[in-house]
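# sequence unknown, structure follows:
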């Protein structure tokens, strides 16, 4: 199992010294829920640093692309062909068409966040000739094991960090504060606020607004240390999301993941994650199945 | 000028027939398996067969939603189900999952439409899905008219656009609020609409919502004023949302858009204020034009839970008319009384008012009030009426 960490420039130097397999950097302005993202020109120099360290580099281009973005995206692809990288994380299907045009299709890593939920989805993407597929965030550990066992191309999961559970194109914070008569509602953009539902006061959900709209996260970041051996035995790539963490915490998390990978997980390590939960790993979401199928 | 298809929802056979009678060119329905809207009264295969026969006899179409994102355990029976739909001559299936798209193309010749749950927002994504076998794309509700114009020029698939009904405030298919908060999978028919709940919004410990809860909910979509632009752009299908809505809602909304589309494509200047008033007769939620004019603002958000009451209440549906005695037989749907003023609303769009007189049970017993749901009653009719005509009470 390879370990990939979503990074920014501030973290990069320290991360490259650690025993990880690769880092993920965002492509500005079409990477979302990253700590920071960079223009192709800037990425060229950051890529050189990564390559000099012997680590792999994936780039993230995971925004939902609107029609008006296509021209700018083509410009980015023209630049990408000059950058040495090993994988391109994407969500929007337009990226497949452009990657095909620019000869980069075999570097694609599909991460829709919610759509890859069964092995036939993985086979669909295998037929497209892409490199790797990231499973949906809402998969349980059993789902992950099943999909991994049936996957015919590398299978990745994002299994550490804050899990996005809602993305609206609307500027919901700014609009609400405007509605309330706040004189400068946009001042709260890009700040990590929290929203709390009355019946669930123990769960403050981080929320922020940026150029892509409004993002709401699960109340606690997730970890997978309790099932680390099962994860290690099944998936090909373990992705660490680092958005909303302090820099120092990211580095300690990465150290713990490296430790877990080499020596296993002990109680002392687990105690460091009492402020995390396990996402959907043990939370099977209900679907009242039934009815005739043929 | 190309006349777009008017596509309506139906949660059961009665709604389906009403939608087609009141002017829909096609109806989308959910089967009992693999479909979202788990609480809608979905159709079994026999019902689907009946629906297809009813529609095809009127040169109309039936699309089946197969729009869940299946997990591994849901895949069992998928291929057989798709083959069963093909055998029943459905006109297309609406799918979200790549796995379902792949299965449909591998094992059947079904026409496939890509659901808005895929959140397609550009022509290249549409072209990719065409390469994979999709014939039509139901675009994301986040696409504005300004984005749609170039998109429609470049896309090689048919395009379908939502024109009316409820809206996800999240990009569709990308939300796990319901999964997280209620253990119900939104992408498998269990959405709890947690985005419509009330929240407190904090910056550190400071409460930012001072006078009312922080709300993210959207008003419903209503696009009467934009239909002309959508037709001009060349959109292939205009879609009304609401498989769980009442027959009154479906009849009223479908018929309003039917007449509006016909006016525009027949070069008749549409009476927009009139159509806006007509649609309000069924609408009981606040509406806006969503993303049609670009990024949303306060105008598109729902910051209080106040509902607008429809101006006319649905009180009955006509089953028969006897022109010898000028008597109509109808099925009661809501309370009304002798002497009340009713409006007869027919598929032609014609609305005529009359006063309730001489109301009786089927056995001839006089009744002063119609109070029992689905009771069959008769009353005098001052003009001819036909099956599927709707009776609405004119509110004083």
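Thanks, I have it. Computed from a predicted structure; not experimentally measured.

# OK, contacts around residue A:276?
A:220-223 (C-beta atoms under 8 Å, 6 or more residues apart in numbering or on different chains). (C-beta placed from N, C-alpha, C; glycine too.)

# Considering the residues you listed, which possesses the most neighbours?
For these, the largest neighbour count, defined by other C-beta atoms under 10 Å in any protein chain shown, is 27 neighbours, found at residue A:223.

# can you tell me which residues contact it?
If you count contacts by C-beta under 8 Å, 6+ apart, then residue A:223 has A:159-160, A:273, A:276-278 around it.

# Relative to chain B, how far out is it?
According to C-beta to the nearest C-beta, to the nearest Å, residue A:223 stands 16 Å off from chain B.

# and what of residue A:28?
19 Å.

# what helix or strand is residue B:20 on?
helix B:13-21 (DSSP states H and E).

# so what's residue B:294 closest to, chain neighbours aside?
Nearest non-adjacent residue to residue B:294, counting by C-beta to C-beta, 6 or more residues apart in numbering or on different chains: residue B:144, 4.7 Å away.

# and residue 282, what does it touch?
Looking at chain A here, since you left the chain open. So residue A:282 contacts A:140-141 (C-beta under 8 Å, 6+ apart).

# Chain B is the one I meant
B:246, B:248-249, B:251-253, B:310.

# number of nearby residues for residue 234?
Unless you meant another one, I'm taking chain A. Neighbours around residue A:234, by other C-beta under 10 Å: 19.

# ah, I was thinking of chain B
14.

# pretty sure it contacts residue B:148?
No. Using C-beta atoms under 8 Å, residue B:234 is not in contact with residue B:148, being 9.6 Å away.

# Could you find which two of the contacts of residue B:282 are furthest from each other?
B:251 and B:310 (12.4 Å; C-beta to C-beta).

# Settle it for me: which of these two has more neighbours?
Per other C-beta under 10 Å, whichever of residue B:251 and residue B:310 has more neighbours is residue B:251, with 28 against 19.

# what helix or strand does residue B:29 sit in?
Judged by DSSP H and E, residue B:29 forms part of strand B:26-30.

# Could you name whichever residue is most remote from the centre of chain B?
Relative to the C-alpha centroid of chain B, counting by C-alpha atoms, centre = their mean, residue B:205 is the outermost residue, at 42.4 Å.

# gap between it and residue B:293?
38 Å (C-beta to C-beta, to the nearest Å).

# Could you do residue B:271 as well?
22 Å.

# Would you map the helices across the chain?
All of this is about chain A. A:9-16, A:40-53, A:70-80, A:94-101, A:119-127, A:141-150, A:172-179, A:228-234, A:247-263, A:267-271 (DSSP state H).

# Switch to chain B, please.
Counting by DSSP H, the helices of chain B are B:13-21, B:45-56, B:78-87, B:98-107, B:123-131, B:145-154, B:177-182, B:227-233, B:247-265, B:272-280.

# Compare these and say which comes out lowest on pLDDT.
When these are compared on mean pLDDT, helix B:177-182 scores lowest, with a mean of 86.

# From the contacts of residue A:223, which land in strands?
Secondary structure from DSSP state E places A:159-160 of these in strands.

# In terms of distance to residue B:115, which of the contacts of residue A:223 ranks first?
For these, the nearest to residue B:115 is residue A:159 (28.2 Å; C-beta to C-beta).

# For the residue nearest to the closest one when sequence neighbours are not counted, which residues are in contact?
Once flanking residues are discounted, residue A:159 sits nearest to residue A:224: 4.1 Å by C-beta to C-beta, 6+ apart. With contacts defined as C-beta under 8 Å, 6+ apart, residue A:224 is in contact with A:141, A:159-160, A:231, A:238, A:278-279, A:281.
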